[in-house]
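**Student:** Quick check, what structure comes out for this input:
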Amino acid sequence: MTEQPGPQQRIADAIRPAMLNGLQDAELIGNPGTERINEWVDWIAAVIAGQVVQSIAAERDVFADRVDTLTHVARRNKEGYKDAARDVQRLEARVAELEAEVTQLRTPGVVVAGPVAALDTALAAGKSAPSLLQRSPEGSSAPFCGSCQDRVKWEASLS
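**Tutor:** Residues are numbered from 1 along each chain as shown. Reported below is the predicted structural model:
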C-alpha cells in the first residue's frame, strides 16, 4: 500500500475497508461477479461524488458568488468614476467661467450691475471709493465675500 497525498488518500481510506470486507468470500466469476463489481463501482462513485465532487462544487458556487459580487461592485465603481469625471469637467468649466468673470470685474473702468458698479463709477469719475461698509448689501455691517475684499485691496493699490 502506497501513501497517497490529500483527498486521494482520504478516498482510498474510505473505500479500502469496505471493499476488502465486501469482496471476501465473494464469487467474482459470471453474472454474480459482474453484479457484485457493478455494486462496488456504484459505491465508489458515490463516495467520490460525496467526498470530492460535492466539496469542489460547493467551493465553485461560493467562488462564483464572490465573482458576481465583485463584478457588481466594479460596475458601480466604474459608474461612480464616470459620474465624478463628468462632475470634474463641469466644475472645471464653471471655474473657468468664474475666473473670466473675476478678470472682467477687476478690469479698470468696467461698469457692471450691482454694488460693485457704484465703486467703478466713483473711480471712473475720480471720486474716492466708498468704504467697504458703505458698499455692503442693504446697509448690513457685514463685509463682502473674499473676492470683493480682493477687489478692495486691488483698488487701494491704484491710489
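
**Student:** By mean pLDDT, flag the weakest helix or strand of this protein.
**Tutor:** helix 115-124 (a mean of 57; mean pLDDT, DSSP states H and E).

**Student:** Just to check, Phe19 is in contact with Trp40?
**Tutor:** One correction, residue 19 is Met, not Phe. Yes. Taking contacts as C-beta atoms under 8 Å, Met19 lies within contact range of Trp40: 6.3 Å. From N, CA and C alone the C-beta is placed, and that goes for glycine too.

**Student:** now for the lengthiest helix in the chain, which elements pack on it?
**Tutor:** The residue-count maximum for a helix in the chain (DSSP state H) belongs to helix 54-106. On a contact count with 3 or more C-beta pairs under 8 Å, 6 or more residues apart in numbering; DSSP states H and E, helix 54-106 meets helix 146-158.

**Student:** quick check: mean pLDDT across the helix it packs on?
**Tutor:** Throughout helix 146-158, pLDDT has a mean value of 66.

**Student:** got it, and stretch 34-53?
**Tutor:** 80.

**Student:** So that it lines up with my notes, have the first residue be 494 from now on.
**Tutor:** Yep, numbering from 494; the last one is stretch 527-546 now.

**Student:** So which bits of it are buried?
**Tutor:** Val540 (16 or more other C-beta atoms under 10 Å).

**Student:** Please apply the same query to stretch 591-605.
**Tutor:** Here stretch 591-605 shows Leu598 as buried, counting by 16+ other C-beta under 10 Å.

**Student:** how about the CA coordinates for that stretch, as PDB?
**Tutor:** Listed next in PDB are the C-alpha coordinates belonging to stretch 591-605 (Å, rounded to 0.1, in the frame of the first residue of the first chain):
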ATOM      1  CA  LEU A 591     -15.900  82.400 -12.900                       C
ATOM      2  CA  GLU A 592     -12.300  83.200 -13.400                       C
ATOM      3  CA  ALA A 593     -13.200  85.000 -16.700                       C
ATOM      4  CA  GLU A 594     -15.900  86.900 -14.800                       C
ATOM      5  CA  VAL A 595     -13.400  87.900 -12.000                       C
ATOM      6  CA  THR A 596     -10.900  89.100 -14.600                       C
ATOM      7  CA  GLN A 597     -13.600  91.200 -16.200                       C
ATOM      8  CA  LEU A 598     -14.700  92.600 -12.800                       C
ATOM      9  CA  ARG A 599     -11.100  93.500 -12.000                       C
ATOM     10  CA  THR A 600     -10.500  95.400 -15.200                       C
ATOM     11  CA  PRO A 601     -10.500  99.100 -14.500                       C
ATOM     12  CA  GLY A 602     -13.300 101.200 -16.000                       C
ATOM     13  CA  VAL A 603     -15.700  98.300 -16.500                       C
ATOM     14  CA  VAL A 604     -19.100  99.000 -15.200                       C
ATOM     15  CA  VAL A 605     -21.200  96.100 -14.100                       C
END
